[in-house]
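# quick one, what's the 3D model for this:
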Amino acid sequence: MVQTPMVDEVDAVKKWRVIIGICIICLVCTLFPSRIYSQENQNQAQQVSAKIGDSAAASILLDQTSGRVLYAKKENDEMKIASLTKIMTALLAIEKGDLQDLVTIQPSAVGVEGSSIYLKAGEKVPLEALVYGLMLRSGNDAATAIAQHVGGSLEGFVFLMNEKAQELGLEHTHFTNPHGLDEEKHYSSAKDLALLTQYALRNPTFQQIVKTELKTVEWPGEEWKRTLLNKNKLLKLYPFADGVKTGYTKQAKRTLVTSATKDGQQLIAVTLNDGDDWKDHMNLFDYGFQNFQLKDVVAKDQKITSTEIVNKEKKRLILVSGKPLSYPLQNTETSQVKIEPTVSYPLEKVEKNGVLVGTGKVYFGQELVGTVPLYSKFTQDPSVLNSWKEVLAFMCGRMGQGD
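Numbering: from 1, shown residues only. Okay, the predicted model is just below:
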């Protein structure tokens, strides 16, 4: 049966509707990819959250080496953070102060509300002892004394805190005091706290302090020594834990930043307003270590690319990585790592090995995750040999080397 023109027109209209629909979908994906990607991330976060039982109002799990976010929930929400503030206070004391200084305790530092190491007005205490009292016992009096000594005043120290936050790119953070007691304009986010901790853990002194379970310190003017027990119970509860800070106020509720290191990989977990934080942090770390291994995506001396340049000895010029680069990956993600070489030195002028010739940009998907320097290396290449004798000599040489 022959189709009538009317039927053909109806089919044509249907085809055009399908084509227009596909075009609209493509246009939406092009114009609003971040929204679609964000929704995918949100769905994934909800699945992981249900799996690990994360009960925090906001949380994040971060790989310390690379900064890759392995899990996040409302990580940019600006919230009260309680004594997690003291991470910044300790960092500035270490960076801008001399830990051997003797700090004269001012009357205004004595009897500050909340946790205390029971300082006395007029006594002289080493700055190092105050920082241990700050991070292990969460002393608000210690925070005040540190701020007055390092910043010259509370206002001066708070200025330094916000200046450092800006330097580190903490977009959802603002400080008004050195201890974290509730104030309207004193806040941060789970992600900002993770980034701050990532930076702080690169400092060996900070790292040593926050992983200390028990510290005995000399107290000038007293015959006895003071013993400080760390409030961070995860140091005992979780075998790989090595930091960082607890927190609590009536408005912030329970807040916690911890770190854990296993097989050379360190992870940072942050939870805000979490009534079951010890368990949640252990679950977060288990999830991270089980699903994301720190892999050498680039090895030192790894061949990155080859060139058409051959020297007098008939060795081909290749470009190799000058250093390794590690990145946390799931087993299914290895193929998403790509290296894009950029040459900044005229290769035709290279006559020896070890010349810095450019940079290799390492991408995970579309995200730049690191760079490696590229160096020259001349290597034997059978494709440039002219005779079967040269090829045979080359192969014998390779076998003799045990390759």
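# can I see the domain layout of this protein?
Following automatic domain parsing, the chain resolves into domains at 58-291, 297-400.
# quick one: low-confidence parts of the stretch 151-300 of the chain?
Within the stretch 151-300 of the chain, no stretch has pLDDT under 70.
# which residue, neighbours along the chain excluded, lies closest to the residue nearest the centre of the chain?
Of all residues in the chain, the one closest to the mean position by Cα atoms, centre = their mean is Gly67, 2.7 Å from it. Spatially, and ignoring its direct neighbours in sequence, Gly67 is nearest to Gln198 (6.2 Å; Cβ to Cβ, 6 or more residues apart in numbering). C-betas here are computed from N, CA, C, even on glycine.
# which strands or helices does the helix or strand containing the one you found pack on?
Assigned by DSSP states H and E, Gln198 belongs to helix 190-200. Secondary-structure packing of helix 190-200 (3 or more Cβ pairs under 8 Å, 6 or more residues apart in numbering; DSSP states H and E): strand 58-63, strand 69-73, helix 86-96, strand 241-249, strand 253-262, strand 265-272.
# in its sheet, what does the last one sit against?
Strand 265-272 has its sheet partners listed here by DSSP bridges as strand 58-63 (antiparallel), strand 253-262 (antiparallel).
# TSV for the ones you listed, including mean neighbour count and distance to Pro178?
Below are the strands paired with strand 265-272 laid out as TSV (neighbours: other Cβ atoms under 10 Å; distance: least, Cβ to Cβ, whole Å):
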stretch	mean neighbour count	distance to Pro178
strand 58-63	26	23
strand 253-262	24	16
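# which one of those strands lies nearest to Glu183?
Of all the strands paired with strand 265-272, it is strand 253-262 that lies closest to Glu183, at 15.0 Å by Cβ to Cβ.
# just the angle between that closest one and strand 241-249, please?
180 degrees (axes from the mean of the first three to the mean of the last three Cα atoms, to 10 degrees).
# strands of the stretch 1-150 of the chain, start to end?
58-63, 69-73, 102-104, 124-126 (DSSP state E, counting those that start in this stretch).
# of those strands, which is nearest Ala269?
Among the strands of the stretch 1-150 of the chain, strand 58-63 sits nearest to Ala269 (Cβ to Cβ), with 5.3 Å.
# hey, C-alpha coordinates of the closest one in CSV?
Output of strand 58-63 as CSV, limited to C-alpha atoms (Å, rounded to 0.1, in the frame of the first residue of the first chain):
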residue,chain,number,x,y,z
ALA,A,58,28.0,19.2,57.0
SER,A,59,31.0,17.0,56.3
ILE,A,60,33.9,16.3,54.0
LEU,A,61,36.7,13.8,53.4
LEU,A,62,39.8,15.1,51.8
ASP,A,63,43.0,13.5,50.6
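# and the angle for that strand with helix 190-200?
Angle, strand 58-63 to helix 190-200, by the same axes, to 10 degrees: 30 degrees.
# give me the contacts around strand 58-63.
68-75, 77, 79, 189-191, 194-195, 198, 265-274, 280, 284-285, 287-288, 292, 294, 328 (Cβ atoms under 8 Å, 6 or more residues apart in numbering).
# please pick the buried ones from the residues you listed.
68, 70-75, 77, 79, 189-191, 194-195, 198, 265-274, 280, 284-285, 287-288, 292, 294, 328 (16 or more other Cβ atoms under 10 Å).
# confirm for me that Asn232 is in contact with Val244.
Yes - assessed by Cβ atoms under 8 Å, Asn232 is found in contact with Val244 at 7.3 Å.
# hey, what's in contact with both of those two?
Val210, Thr258.
# which one of the two is surrounded by more residues?
Val244 (30 against 25; other Cβ atoms under 10 Å).
# specify the beta-bridge partners of the more buried one.
Beta-bridge partners, per DSSP bridges, of Val244: Thr258.
# list the contacts of it.
So Val244 contacts Ile87, Thr197, Ala200, Leu201, Val210, Asn232, Val257, Thr258, Ser259, Ile268 (Cβ under 8 Å, 6+ apart).
# tally of neighbours for the fourth one?
In other words, Leu201. 22.
# redo the strands paired with strand 265-272 as TSV? Include distance to Val343.
Shown next, in TSV, are the strands paired with strand 265-272 (distance: least, Cβ to Cβ, whole Å):
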stretch	distance to Val343
strand 58-63	30
strand 253-262	38
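# Glu171 and Lys191, how far apart?
Taking Cβ to Cβ, to the nearest Å as the measure, Glu171 falls 9 Å from Lys191.
# common neighbours of the two, please.
Asn76.
# related to what we said a few turns ago, distance to Val150 added to the helices and strands packed on helix 190-200, as JSON lines?
Listed next are these as JSON lines, based on distance: least, Cβ to Cβ, whole Å:
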{"stretch": "strand 58-63", "distance to Val150": "27"}
{"stretch": "strand 69-73", "distance to Val150": "32"}
{"stretch": "helix 86-96", "distance to Val150": "5"}
{"stretch": "strand 241-249", "distance to Val150": "18"}
{"stretch": "strand 253-262", "distance to Val150": "21"}
{"stretch": "strand 265-272", "distance to Val150": "25"}
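# coming back round to it: indicate which one of the strands of the stretch 1-150 of the chain is closest to Arg316.
Per Cβ to Cβ, nearest to Arg316 of the strands of the stretch 1-150 of the chain: strand 58-63, 37.0 Å.
# the closest one to strand 69-73, inter-axis angle?
Using the same axes, to 10 degrees, strand 58-63 lies at 180 degrees relative to strand 69-73.
# can you offset everything so residue one is 362?
Okay, residue one is now 362; in that scheme the one you just asked about reads as strand 419-424.
# show me what contacts the closest residue to Lys485 other than its chain neighbours?
Leaving aside its sequence neighbours, Lys485 sits nearest to Leu463 (Cβ to Cβ, 6+ apart; 4.3 Å). Applying Cβ under 8 Å, 6+ apart, we find Leu463 in contact with Lys485, Val486, Pro487, Leu488, Pro581.
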